[in-house]
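> next come a sequence and a model predicted from it.
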Number of protein chains: 2
Amino acid sequence: MAETGERTIAENEIVVIRLGHRLPRDERISTHVALVSRAIGANEIFYCGQHDGSLETSVSRIVENWGGKFGITYEKSPARKLRELKKEGYCVVHLTMYGIPLPEVLSSESWISKRETGNGKLAVVIGAEQVPREIYEIADFNISVTNQPHSEVAALAVFLNEINEGKPLKREYANSERFAGGRIGIEPDERGKNVRRK
Amino acid sequence: MAETGERTIAENEIVVIRLGHRLPRDERISTHVALVSRAIGANEIFYCGQHDGSLETSVSRIVENWGGKFGITYEKSPARKLRELKKEGYCVVHLTMYGIPLPEVLSSESWISKRETGNGKLAVVIGAEQVPREIYEIADFNISVTNQPHSEVAALAVFLNEINEGKPLKREYANSERFAGGRIGIEPDERGKNVRRK
């Protein structure tokens, strides 16, 4: 995305809804989903399916160590949660390989007007294997990050990076208020690992 | 990335090297890595660590169904493989949270001159938990896709999409020669699943 200066990260309130978490199958994938959400610009994740205390603990430990205020919460009914979020003014995006290609959506009139008239709040839904029909109906936009099978972790990362106009990739972002607090951070290095204690 | 028209996907020969595959821990993550590689512009993946016939079978089945010529090969020694690839003219990129932020690398003189004088061949290395020091040394570039902990699946996806200038996200890409053959494809839809048999 080009940097237009019209949207900034601070204006975006982004939450992620992870559907259908199953144990033990999704342990690591859902952890990746949560960490991507935190690293690339979301403020909170709600996960559905099976409750998983150790997923919550892993994510909370990362937040303690690496800073910021990212939250993880179990949500029993994704459809109800999405309807609530819509009432609160969130634009609901469902990432699915069956949806309309991301670049087409971002340049569509319906997207632009939804974003311009909205409050910048965005709820991003990503599925497990079978996403109920209802989710496709509730979503304001069903969006594909390629129409080939790959990974919800990848789709989420590419989407969040595009929405945030590539800013999460910059050095300043890792050092920003977003990740304030925490015990450790990285000093980027050409050849090795340079971890600094804060 | 802006579209400069100077590089095109056809000019890029991209291979991915996945380090340290462990069973059963990495079964799903490595499958996601392979599918992301295929969907977002790589031609082949080499995986290291434990041999895994069922990983190879899953990926081959996707290729049969969804088209293209993507290959997956087990490689016992990643360091040797990377040195071979360098001899063949590949630029070796290691994605690591400890590396230099991607936007800084892409605009650096050393990157631009390496890419301009090179043949466009790129080998992208992604790790498992502990990446040996040697890999940092062999790599031409150690690049971070954010300096926060998240996911090698996500880092790879964002990197490949940037390198390919966002083209893999376009409708035309899924319908291109790259995914020729195969039994099924997707007709992007605003509200549901539209799979077409070829």
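Received, thanks. Residues are numbered from 1 along each chain as shown, chains lettered A, B, ... in the order given.

> element containing residue A:41, please.
Assessed by DSSP states H and E, residue A:41 sits outside every helix and strand.

> quick one: residues contacting residue A:171.
Contact partners of residue A:171, counting by Cβ atoms under 8 Å, 6 or more residues apart in numbering or on different chains, are A:188, B:101, B:104, B:147. Using the backbone N, CA and C atoms, a C-beta is placed for each residue, glycine as well.

> do residue A:14 as well
Residues near residue A:14 by Cβ under 8 Å, 6+ apart: A:37, A:41, A:42, A:43, A:121, A:122, A:123, A:124, A:160, A:163.

> C-terminal to the helix or strand harbouring it, which secondary structure element comes first?
Under the criterion of DSSP H and E, residue A:14 resides in strand A:13-21. Remark: after strand A:13-21, the chain's next helix or strand is helix A:27-39, criterion DSSP H and E.

> quick check: what element follows that next one along the chain?
The helix or strand immediately downstream of helix A:27-39 is strand A:44-49, counting by DSSP H and E.

> wait, does the helix or strand just after that next one contact chain B?
Once strand A:44-49 ends, the next helix or strand along the chain (criterion: DSSP H and E) is helix A:53-66. Yes: for helix A:53-66, a contact with chain B is found by Cβ under 8 Å from any Cβ of the partner chain, at A:62, A:66.

> pLDDT averaged over helix A:53-66, what's the number?
In this model, helix A:53-66 carries a mean pLDDT of 98.

> what about residue A:110, is that helix, strand or coil?
For residue A:110, the secondary structure call by DSSP: H, G, I helix; E, B strand; the rest coil comes out as helix.

> what does the model give the residue nearest in space to the middle of chain A for pLDDT?
Nearest to the centroid of the C-alpha atoms of chain A, with distances taken as Cα atoms, centre = their mean, sits residue A:37, at 3.8 Å. For residue A:37, the model assigns a pLDDT of 98.

> skipping its backbone neighbours, what lies nearest it in space?
Excluding the flanking residues, the one nearest residue A:37 by Cβ to Cβ, 6 or more residues apart in numbering or on different chains is residue A:16, at 4.4 Å.

> pretty sure that neighbour sits against residue A:40.
No: using Cβ atoms under 8 Å, residue A:16 is not in contact with residue A:40; the gap is 10.0 Å.

> common neighbours of these two, please.
In terms of Cβ under 8 Å, 6+ apart, residue A:16 and residue A:40 are both contacted by the residues residue A:156.

> picking up where we left off before, residue contacts, the residue nearest to residue A:37?
Shown in contact with residue A:16 (Cβ under 8 Å, 6+ apart): A:33, A:34, A:37, A:42, A:44, A:45, A:46, A:123, A:124, A:125, A:126, A:156.

> next: residue A:96.
Taking Cβ under 8 Å, 6+ apart, we find residue A:96 in contact with A:127, A:131, A:136, A:142, A:143, A:144.

> how many neighbours does the closest residue to the second one other than its chain neighbours have?
Meaning residue A:131. Nearest residue to residue A:131, sequence neighbours excluded (Cβ to Cβ, 6+ apart): residue A:19, at 6.2 Å. Counted with other Cβ atoms under 10 Å in any protein chain shown, residues neighbouring residue A:19 total 22.

> how much space separates residue A:19 from chain B?
The spacing between residue A:19 and chain B, counted by Cβ to the nearest Cβ, to the nearest Å, is 15 Å.

> which other helices and strands contact the lowest-mean-pLDDT helix or strand in chain A?
Scoring the helices and strands of chain A by mean pLDDT, DSSP states H and E places helix A:109-117 at the bottom, with a mean of 91. Applying 3 or more Cβ pairs under 8 Å, 6 or more residues apart in numbering or on different chains; DSSP states H and E, one finds that helix A:109-117 makes contact with strand A:141-144.

> okay, the longest strand seen in chain A in PDB with CA atoms only?
The longest strand of chain A (DSSP state E) is strand A:91-101. Extracted in PDB, the C-alpha atoms of strand A:91-101 (Å, rounded to 0.1, in the frame of the first residue of the first chain):
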ATOM      1  CA  CYS A  91     -16.300  -3.200  10.100                       C
ATOM      2  CA  VAL A  92     -16.200  -7.000   9.900                       C
ATOM      3  CA  VAL A  93     -13.700  -8.500   7.500                       C
ATOM      4  CA  HIS A  94     -13.600 -12.300   7.000                       C
ATOM      5  CA  LEU A  95     -10.400 -13.600   5.400                       C
ATOM      6  CA  THR A  96     -11.200 -16.500   3.200                       C
ATOM      7  CA  MET A  97      -9.600 -18.000   0.000                       C
ATOM      8  CA  TYR A  98     -13.100 -17.900  -1.500                       C
ATOM      9  CA  GLY A  99     -13.400 -14.100  -1.100                       C
ATOM     10  CA  ILE A 100     -12.800 -11.100  -3.400                       C
ATOM     11  CA  PRO A 101      -9.000 -10.400  -3.900                       C
END
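
> residues in contact with the helix or strand following that strand?
Next along the chain after strand A:91-101, taking DSSP H and E as the criterion, comes helix A:102-106. Under the contact criterion Cβ under 8 Å, 6+ apart, helix A:102-106 has outside partners A:1, A:99, A:111, A:141, A:143-145, A:158-159, A:162, B:166, B:169-171, B:188.
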